[in-house]
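Chemist: Need coordinates for the below:
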Amino acid sequence: MMFVAIFFFVVCIFQQGNGALYQCNASAACGCSNPSTLLTRIVGGENAVTNSWSWAISLRHDGSHFCGGSILSSSFIITAAHCIDGITNLVGYSILAGSIYLNSLLSASSQIRSISAIYKHPYYNDRRMTNDVALLLLSAPLNMTNHNLKPICLPSGTVAQPPDNIDMVAVGWGTTSSGSNTVSQDLLQVTLQSIPSASSSCQPYIYDSQKQFCAGVPAGGKDTCQGDSGGPLMAFVNNLWQVDGLTSYGYGCAYPNVAGVYTRVSNYINWIQTTMSIKAITVVTTSTTTRPTPTTTTTRRPTTITTTTTTRRPTTITATTTTGRHCI
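Modeler: Sure, this is the predicted structure:
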């Protein structure tokens, strides 16, 4: 006689030491990685567990990380518009999926795809960093049967997300201190809180609360930074992770009483679905989810950017004032 035990993982959140453990239904179509997610404290963050955050990707140029992004379907990635703004030739641009390690190009679990098309929001404003969202079409679909890959859920778009003052999680390979030129080789995770747009830590830095929101920690010490741009700021809603924010910009990284600024994804659901022209994205019906609070002008771009503000782009950014958080 064969005895078969089927385990259905019901989401639960409980405290473990100084951290919170999130468990969800691994059979869900989106928003749930195989391992449980343990969060304790990538500025002020910690290493992600292997195979967690299965939708996180590294956006690369000639093999070097410069921004983050998230899998929406086997063929589409969502990221920040400032990460790809100005790119006219896609030769050398690719994404790495299926691994939390940047140096795992030959790993059996990782997948690399070149980019065949870029869809930047038509009203992206590179001065105010509004409408800071873009979609990437991959040259070939990802193998989604790989247990290391799963798409992130999108908010419904019927209600502005996230609500204020909720815990959220950001992930990325960005630098671990403001002004650093070295990205992390391992995926990092950090817990932030969505911050009201009228807050003194948000209001000076945000331009449009319908399109952006702020997130951070009042005491500082935790934040996204250069190289994290385009990566997800997530809320745990209906027992699944959904991408409520995209890392956009901020004033420095992890300063006290200075929030980071994030693209409000719920404002762009119609544009995303229309652009993809398919219904392969799983949309989660949510009530209230917290969005990351906008940090002033440091965009979290890839690293080699010389600018006065901090965008949160990839690794090579030298910045003291606010720019996107990506690396160039």
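
Chemist: going forward, measure contacts and count neighbours with C-alpha atoms only.
Modeler: OK.

Chemist: CA atoms only for stretch 200-220 - export them in PDB, please.
Modeler: The C-alpha trace of stretch 200-220 is given here as PDB (Å, rounded to 0.1, in the frame of the first residue of the first chain):
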ATOM      1  CA  SER A 200       8.000  65.300   6.800                       C
ATOM      2  CA  SER A 201      10.200  62.400   5.700                       C
ATOM      3  CA  CYS A 202       8.300  62.100   2.400                       C
ATOM      4  CA  GLN A 203       6.600  65.400   1.400                       C
ATOM      5  CA  PRO A 204       9.900  67.200   0.400                       C
ATOM      6  CA  TYR A 205      10.900  64.500  -2.000                       C
ATOM      7  CA  ILE A 206       7.800  63.200  -3.700                       C
ATOM      8  CA  TYR A 207       6.200  64.900  -6.700                       C
ATOM      9  CA  ASP A 208       2.900  63.100  -7.300                       C
ATOM     10  CA  SER A 209       1.400  60.800  -4.600                       C
ATOM     11  CA  GLN A 210      -1.000  59.200  -7.200                       C
ATOM     12  CA  LYS A 211       2.000  57.900  -9.100                       C
ATOM     13  CA  GLN A 212       4.500  57.600  -6.400                       C
ATOM     14  CA  PHE A 213       4.800  56.700  -2.700                       C
ATOM     15  CA  CYS A 214       7.400  56.700   0.000                       C
ATOM     16  CA  ALA A 215       8.800  54.000   2.200                       C
ATOM     17  CA  GLY A 216      11.600  53.800   4.700                       C
ATOM     18  CA  VAL A 217      12.400  53.600   8.400                       C
ATOM     19  CA  PRO A 218      12.200  56.700  10.500                       C
ATOM     20  CA  ALA A 219      15.400  56.000  12.400                       C
ATOM     21  CA  GLY A 220      17.300  55.300   9.200                       C
END
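
Chemist: Torsion angles phi and psi at N125?
Modeler: Here is the backbone geometry of N125 (degrees, to the nearest 10): phi -120, psi 110.

Chemist: All the strands of the stretch 51-200 of the chain, in order from the start?
Modeler: For the stretch 51-200 of the chain, the strands defined by DSSP state E, counting those that start in this stretch occupy 56-61, 64-71, 76-79, 93-97, 111-120, 134-138, 154-155, 167-172, 188-195.

Chemist: Contacts for whichever helix or strand comes after the last one next, please.
Modeler: For strand 188-195, the following helix or strand on the C-terminal side (DSSP states H and E) is strand 212-216. Residues outside strand 212-216 that contact it (CA atoms under 8 Å, 6 or more residues apart in numbering) are 130, 192-197, 202, 206, 222-223, 245, 254, 258-264, 291-295.

Chemist: Please pick the buried ones from these.
Modeler: With neighbours counted by 16 or more other CA atoms under 10 Å, the contacts of strand 212-216 contain buried members at 130, 192-197, 202, 206, 222-223, 245, 254, 258-264, 291-295.

Chemist: quick one: A26 and C32 touch, right?
Modeler: Yes - shown here, A26 and C32 form a contact pair, counting by CA atoms under 8 Å, at 5.6 Å.

Chemist: So which of those two has more stuff around it?
Modeler: Between A26 and C32, C32 has the larger neighbour count (other CA atoms under 10 Å), namely 30 against 19.

Chemist: want to throw the strands of the stretch 51-200 of the chain into JSON lines with distance to N103 and mean pLDDT?
Modeler: Output for these, formatted as JSON lines (distance: least, CA to CA, whole Å; pLDDT from 0 to 100):
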{"stretch": "strand 56-61", "distance to N103": "11", "mean pLDDT": "98"}
{"stretch": "strand 64-71", "distance to N103": "10", "mean pLDDT": "98"}
{"stretch": "strand 76-79", "distance to N103": "21", "mean pLDDT": "98"}
{"stretch": "strand 93-97", "distance to N103": "10", "mean pLDDT": "97"}
{"stretch": "strand 111-120", "distance to N103": "12", "mean pLDDT": "96"}
{"stretch": "strand 134-138", "distance to N103": "21", "mean pLDDT": "97"}
{"stretch": "strand 154-155", "distance to N103": "29", "mean pLDDT": "98"}
{"stretch": "strand 167-172", "distance to N103": "14", "mean pLDDT": "96"}
{"stretch": "strand 188-195", "distance to N103": "15", "mean pLDDT": "96"}
